[in-house]
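[1] build the 3D model from these lines:
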Amino acid sequence: MRAGSRVWIVPVNFNGLEDTRKCLRSLAELSIPVSVVVVDNASIDDPTAVLKAEFPWAHLVRNPVNGGWSGGNNTGIRYALDRGAEQVILLNNDTTVHPDLAARLLAAADAHPDFGVIGPVIRYMDEPDLTMTDGTVFNRPGYPGFFQRQAVPERATDPPAVDEVDIVNGCCMMVRADVFRRVGLIDDRFFLIHEEADFCLRVREAGWTCGVLAEALVWHKGSSAFKRSGKRWQRYYDTRNLGLLLSKHLTHTRTGRRGLAAYALYLRYAYHRYCHEREGGQTDAADAVLEGLIDAATRRFGPHRPRRRWAVPVLRSVFEATRRLKP
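    Prediction:
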């Protein structure tokens with residue numbers, strides 16, 4: 001590990017010290033020199049002393065407040081760019097990596113200069129031979145949703161094979177420094193969920209390509225933050241931020257749904273999420289869907305703010321009436 005590396009890796013920690021330690025142990029085995037900056041997102045217990053003692057080669061930055069996935073990564077991106085990074089790898093802290101992760105991503109970027117964002121195939125940590133995510137296409141007509149898997153067949157080639165996709169999973173994505181300079185950082189309004197989708201779509205709209213390296217190089221524990229904080233927040237940010245994502249990108253899409261068709265699907269999606277939670281007895285998570293719809297409509301973004309949303313009972317009544325009409 002050295003400060004002058006071409007590649008900087010940014011894991012963000014939020015109340016997940018043991019996950020972060022496991023991640024850093026795997027990063028210590030990388031086959032090429034990289035620099036690592038760990039951003040702590042105002043965890044309840046400051047992990048700085050523990051991490052400095054065990055990983056003296058890692059840079060550590062502690063945010064004064066929890067900035068979510070977007071804010072935490074933006075702190076690390078700025079830190080890396082200020083120190084000459086040519087490529088920045090955003091990496092979830094609840095992962096372990098193959099020793100060749102950085103080398104293969106860098107080789108892919110060097111071989112495919114038109115790709116601004118590249119990520120690997122990602123597997124489950126508990127089922128290491130099973131693919132968790134590879135490629136995603138966005139908002140394609142004929143598919144009953146917004147995010148459709150695009151399978152990436154794994155193959156080892158030289159130079160590395162990269163398949164074009166719309167969206168690279170934010171669990172692990174390498175971004176050229178020039179991309180950040182042209183399109184900006186992660187949009188802080190998202191806070192959590194769909195922010196990497198927004199970023200990848202912005203990158204594509206600016207003329208670069210996004211792609212998945214056709215090799216499994218990361219193992220992801222998955223959803224650790226939401227397991228600690230509860231489904232309510234996942235439902236709120238998913239619903240609200242999908243509305244923000246659509247408002248930003250519908251006019252730019254060449255092949256996707258536009259206008260009323262997209263927003264009709266968005267409302268159906270939210271309704272089915274609401275019904276799923278109600279039928280499962282998760283009334284708090286169901287109401288979080290309603291809050292997300294309201295905050296998307298009223299353009300209230302960033303971290304969730306506790307406040308009285310007068311439209312929640314009105315919207316709940318509409319959804320409940322619709323449920324009663326179901327055969």
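[2] can you list the strands that the biggest strand by length in the chain pairs with?
    Secondary structure of the chain per DSSP state E: the longest strand is strand 209-220. Paired strands of strand 209-220, with direction, are strand 95-97 (antiparallel), strand 115-124 (parallel), strand 162-165 (antiparallel) (DSSP bridges).
[3] can you redo those strands as TSV with mean pLDDT and distance to residue 286?
    (C-beta placed from N, C-alpha, C; glycine too.) As requested, those are exported to TSV (pLDDT from 0 to 100; distance: least, Cβ to Cβ, whole Å):
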stretch	mean pLDDT	distance to residue 286
strand 95-97	98	31
strand 115-124	98	28
strand 162-165	98	32
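[4] return the most buried member of those strands.
    Comparing the strands paired with strand 209-220 by mean neighbour count (mean count of other Cβ atoms under 10 Å), strand 115-124 ranks first with a mean of 24.
[5] what residues sit buried inside whichever helix or strand residue 78 is part of?
    In the assignment (DSSP states H and E), residue 78 maps to helix 68-82. Buried residues in helix 68-82, counted by 16 or more other Cβ atoms under 10 Å: 68-81.
[6] can you name the element that comes right after the helix or strand of the chain with the lowest mean pLDDT?
    Least confident helix or strand, the chain: helix 224-229 with a mean of 45, by mean pLDDT, DSSP states H and E. Later in the chain than helix 224-229, the nearest helix or strand by DSSP H and E is helix 231-249.
[7] and that following helix, which residues are buried?
    So helix 231-249, judged by 16+ other Cβ under 10 Å, has buried residues 231-246, 248-249.
[8] next, the angle helix 231-249 makes with the helix or strand following it.
    Next helix or strand after helix 231-249 toward the C-terminus (DSSP H and E): helix 259-279. Counting by axes from the mean of the first three to the mean of the last three Cα atoms, to 10 degrees, helix 259-279 lies at 180 degrees to helix 231-249.
[9] I'd like to know which elements helix 259-279 is packed against.
    In terms of contacts (3 or more Cβ pairs under 8 Å, 6 or more residues apart in numbering; DSSP states H and E), helix 259-279 is packed against helix 231-249, helix 283-297, helix 311-325.
[10] what's the closest of those to residue 127?
    helix 231-249 (21.4 Å; Cβ to Cβ).
[11] can I get the closest one in CSV, CA atoms only?
    This file holds the C-alpha atoms of helix 231-249, laid out as CSV (Å, rounded to 0.1, in the frame of the first residue of the first chain):
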residue,chain,number,x,y,z
LYS,A,231,-36.9,-2.6,6.5
ARG,A,232,-38.6,0.7,7.0
TRP,A,233,-35.7,2.7,5.7
GLN,A,234,-35.1,0.4,2.8
ARG,A,235,-38.7,0.9,1.7
TYR,A,236,-38.6,4.7,2.2
TYR,A,237,-35.4,5.4,0.3
ASP,A,238,-36.3,2.9,-2.4
THR,A,239,-39.6,4.5,-3.1
ARG,A,240,-38.5,8.1,-2.8
ASN,A,241,-35.3,7.8,-4.7
LEU,A,242,-36.8,5.9,-7.6
GLY,A,243,-39.0,8.9,-8.1
LEU,A,244,-36.0,11.1,-8.1
LEU,A,245,-34.1,8.8,-10.5
LEU,A,246,-37.0,8.9,-13.0
SER,A,247,-37.3,12.7,-12.8
LYS,A,248,-33.6,13.0,-13.6
HIS,A,249,-33.3,10.6,-16.5
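[12] quick one: it to helix 283-297, angle?
    Using the same axes, to 10 degrees, helix 231-249 lies at 20 degrees relative to helix 283-297.
[13] remind me what helix 231-249 packs against, helices and strands.
    Here helix 231-249 touches helix 195-205, helix 259-279, helix 283-297, going by 3+ Cβ pairs under 8 Å, 6+ apart.
[14] just these: most buried one?
    Greatest burial across the helices and strands packed on helix 231-249, using mean count of other Cβ under 10 Å, falls to helix 195-205, with a mean of 23.
[15] list the contacts of it.
    For helix 195-205, contacts defined as Cβ atoms under 8 Å, 6 or more residues apart in numbering pick out 69-70, 90, 116-117, 136, 138, 147, 166-170, 173, 175, 179, 183-184, 186-187, 190, 210, 241, 244-245, 248-249, 252.
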